[in-house]
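Colleague: With the input below, show me the fold.
(chains A and B)
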Number of protein chains: 2
Amino acid sequence: MKDEFLKKLIVPAETKIFMLIMDGLGGLPREPGGLTELESANKPNMNELALHSALGLSSPAGPGIAVGSGPGHLAIFGYDPIENEIGRGALEALGVDFELGPDDVAARGNFCTVDADGILIDRRAGRIATPQATRLVEMLNDIRIDGVEINIRLIKEHRFALVVRGKGLGANVTKTDPLVEGVAPLPATGLDEPSQKTTGIVNQFIEKARVALADEQPANMILLRGFDKLPALPKYHDRYGLKAAAIAVNGMYKGVARLAGMQILPVEGVAIEDEFTTLARYWNDFDFFYLHIKQTDTHGEDGDFDRKVKVIEAVDQQLARAFTLKPDVLIITGDHSSPTNLKSHSWHPVPLLLYSKNVREDGIAEFGERACIRGSLGIMPAKDVMPLALANAGRISKYGA
Amino acid sequence: MKDEFLKKLIVPAETKIFMLIMDGLGGLPREPGGLTELESANKPNMNELALHSALGLSSPAGPGIAVGSGPGHLAIFGYDPIENEIGRGALEALGVDFELGPDDVAARGNFCTVDADGILIDRRAGRIATPQATRLVEMLNDIRIDGVEINIRLIKEHRFALVVRGKGLGANVTKTDPLVEGVAPLPATGLDEPSQKTTGIVNQFIEKARVALADEQPANMILLRGFDKLPALPKYHDRYGLKAAAIAVNGMYKGVARLAGMQILPVEGVAIEDEFTTLARYWNDFDFFYLHIKQTDTHGEDGDFDRKVKVIEAVDQQLARAFTLKPDVLIITGDHSSPTNLKSHSWHPVPLLLYSKNVREDGIAEFGERACIRGSLGIMPAKDVMPLALANAGRISKYGA
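Modeller: Okay, here's the model as predicted:
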């Protein structure tokens, strides 16, 4: 559906939409003929809700495509995840809570070791310890380049994120990391005019970093790669007429939500219940809430079936609190599947529940992968979930007479 | 599917397709956990037919989009309802049985009241009675403008449809209705050259109308808005090789059918059985029949659950008559949903039944919203139903060798 088509039909309403995203929710049976993580979980609240909901599966980017959390979130937020690419550098910067703006160019950085001739002898500087790297990052942050602001934030060990903030900067910049040792780092090259402006700055910065780090061992040089900018996306307020808020603990998810124009709400603590406490506290102030649960994915990627089940059960308990807030529309799904069997993100469509009083209820008393297959939503593109939620919330007017 | 692709595959056949459209057919459970209108209806013929049919749901314009009858019909007739927009003025003209052609520009009109200085003091001329308005419409129909034919048809009270028929006229014309009182009516303005040709004519007409109505009270002036033309659509004969006929009581549905190149058949009376009598009478003369039932939507919009059920039951009885005609393909669906709970058109996909001897029958002995979810057609775009019907009718040849 074209953005412009939908936008013309959006009407204001007093309704509230709550989107609960359990990262990597979808799973696979533990053993052939067995149950998935979600099917195994004791989740009375989700099952009761399912009975009065429409069920289905959300497909982030089409058949066979496993997505990262970036495109997975863009899709469930209603953006085409293939047309709107978020690169690795921007994701790294978002992941360390950098409030990346539309003019910022981000890159992934490594401390490395070069010999007296400038030849790369260790691309990761012996994976130096985080405390040592912290001091080096402070040194890099003291470097000044006229006309721009450069920020470095440590990720861990030898890895950091670099952000150049300035006007008219392109991100079509080649990496300085040759990806092999025994050669010198490459100069950054801009592939168009705005990007040449960026490389002028970046190459100055690298030279100043080389001088500053000259007496350090082993981290006496830096490498950069994955230059990019955030895509410019229409914001929830303009696009859907929604005053939107995001509740998440990890930086990357806040970053993608900010990209959609959501206001990031403070969470006191990092527990699941802390996020739901924030939801309750701000309930009257917004039309739309996105709440992100990280641990389903973490345990999926760790291959820890039982812990993933326990996270789902903990979310189920909190769901009762959310329901007392009386959302007009409640969506439960994930940004992608992360089956513990595979220990990774996967392409399997993600269980999807849409509750509202206007839904054609399926009467299926279970929220699970195979229950959802029998649901009335079918396998739907994740990016179409928002229009459906808006319709159920009375926020889309009739098209044509 | 691209039109040109399908058109090349169309082959002639002796088969007949009957498309039964129950307007606003889809519904919602009367109460949580209850049955929908269609599920509640006693409809032995539809249920028997369902057992030997493929079931699914048709989606007129995608997730979350509630459509008017115009786009809903375009979709089920096989046209993209978003690319082919029918505006309000054209629909009003169709609705009063105006045989709108591709060169006609239509608009919605109001009689209104202006004071001695030409300032609008009542946009609706006190909602004058229909008999009085009838006389005024006759006066307007006496106005002549060189080179074009102008026709006015009363809708009711102060409302009328205006149609300008001529060559090279554009419809990109601004409204003369300022939408507020206390100001003068606006001149019509053309936003491109063909539309400026239209406004030249329209503004002359308005001036002559002002003079003609000068001594009338309260309807001494007119306002126009919603100028548009019908989209030019490929006709059923060219597109599908079908000699197609339409059976409908209300003007708008005849109008949309005419747009698709269907011949409008006369119906003696306005009852459901009268429409089926027409079907039987003309059965030998056409390849394709569209038959429209209005009352399912009327009672849906009125919020009258029981009456909507009764209409479905009355159609079910007539269906037995249609079946004796031995259609090769029989489609039952709606142009959109109109749940009585919502008293309006809605976005929910519409139950769809496709019967033919070549169908992969689902063996589901019920035609209803939730039965259709289990059907083999899934949730399909309404515009894809016609290719499926044509294939089942042996009217599409193999693609490629």
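Colleague: elements contacting the helix or strand of chain A with the lowest mean pLDDT?
Modeller: Lowest by mean pLDDT, DSSP states H and E among the helices and strands of chain A is helix A:88-95, with a mean of 82. Identification of packing neighbours for helix A:88-95 by 3 or more CB pairs under 8 Å, 6 or more residues apart in numbering or on different chains; DSSP states H and E yields strand A:104-114, strand A:149-156, strand A:159-165, strand A:221-228, helix A:251-259. Just so you know, the C-beta spots here come from the backbone N, C-alpha and C atoms, and that holds for glycine as well.
Colleague: need these in TSV with distance to B:Y79, mean neighbour count and mean pLDDT, can you?
Modeller: Compiled in TSV, the helices and strands packed on helix A:88-95 are given as follows (distance: least, CB to CB, whole Å; neighbours: other CB atoms under 10 Å in any protein chain shown; pLDDT from 0 to 100):
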stretch	distance to B:Y79	mean neighbour count	mean pLDDT
strand A:104-114	45	25	95
strand A:149-156	53	17	93
strand A:159-165	49	22	95
strand A:221-228	41	24	94
helix A:251-259	36	23	90
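Colleague: and the ones you listed as TSV, adding distance to chain B?
Modeller: Formatted as TSV, the helices and strands packed on helix A:88-95 follow (distance: least, CB to the nearest CB, whole Å):
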stretch	distance to chain B
strand A:104-114	34
strand A:149-156	38
strand A:159-165	37
strand A:221-228	31
helix A:251-259	21
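Colleague: Run through the residues that contact the spatially closest residue to A:H52 that is not a sequence neighbour.
Modeller: Distances taken as CB to CB, 6 or more residues apart in numbering or on different chains place A:E361 nearest to A:H52, at 5.0 Å, with adjacent residues excluded. For A:E361, the contacting residues are A:L51, A:H52, A:S53, A:A54, B:P29, B:P32, B:G33, by CB atoms under 8 Å, 6 or more residues apart in numbering or on different chains.
Colleague: The nearest residue to the first one once chain neighbours are set aside: neighbouring residues, count only.
Modeller: This means A:L51. Nearest residue to A:L51, sequence neighbours excluded (CB to CB, 6+ apart): A:A365, at 4.5 Å. If you count neighbours by other CB atoms under 10 Å in any protein chain shown, A:A365 ends up with 12.
Colleague: What of A:H336?
Modeller: The local packing of A:H336 (other CB under 10 Å) involves 32 other residues.
Colleague: Could you do A:S195 as well?
Modeller: When neighbours are counted by other CB under 10 Å, A:S195 comes out with 21.
Colleague: In three-state terms, label it for me.
Modeller: What DSSP: H, G, I helix; E, B strand; the rest coil gives for A:S195 is helix.
Colleague: Chain neighbours aside, what residue packs nearest to it?
Modeller: A:G170 (3.2 Å).
Colleague: Equivalent analysis for A:V311, please.
Modeller: Nearest non-adjacent residue to A:V311, counting by CB to CB, 6+ apart: A:Q295, 4.3 Å away.
Colleague: So for that neighbour, what pLDDT did the model give?
Modeller: Looking at A:Q295, its pLDDT reads 97.
Colleague: swap in A:M1?
Modeller: Here, the pLDDT recorded for A:M1 equals 65.
Colleague: returning to what we had before: list buried residues within the contacts of A:E361.
Modeller: For these, a neighbour count by 16 or more other CB atoms under 10 Å in any protein chain shown gives the buried set as A:L51, A:H52, A:S53, A:A54, B:P29.
Colleague: returning to what we had before: distance check, the residue nearest to A:V311 against chain B.
Modeller: Noted for A:Q295: a distance of 30 Å to chain B, by CB to the nearest CB, to the nearest Å.
Colleague: Let me see the ranges of the strands in chain A.
Modeller: For chain A, applying DSSP state E gives strands covering A:17-22, A:53-59, A:104-114, A:120-122, A:149-156, A:159-165, A:221-228, A:244-247, A:263-264, A:288-293, A:329-333, A:350-356, A:378-381.
Colleague: residues making contact with the fifth one?
Modeller: The contact list for strand A:149-156, computed with CB under 8 Å, 6+ apart, reads A:92-93, A:95-98, A:109, A:130, A:133-134, A:137, A:140-141, A:143, A:160-166, A:201, A:205.
Colleague: now with 7 Å?
Modeller: A:92, A:96, A:98, A:130, A:133-134, A:137, A:140-141, A:143, A:160-165, A:205 (CB atoms under 7 Å, 6 or more residues apart in numbering or on different chains).
Colleague: got it, and the third one?
Modeller: Strand A:104-114 is contacted by residues A:88-90, A:92-93, A:100, A:120-125, A:128, A:133, A:136, A:158-165, A:169, A:171, A:177, A:198, A:218-229 when judged by CB under 7 Å, 6+ apart.
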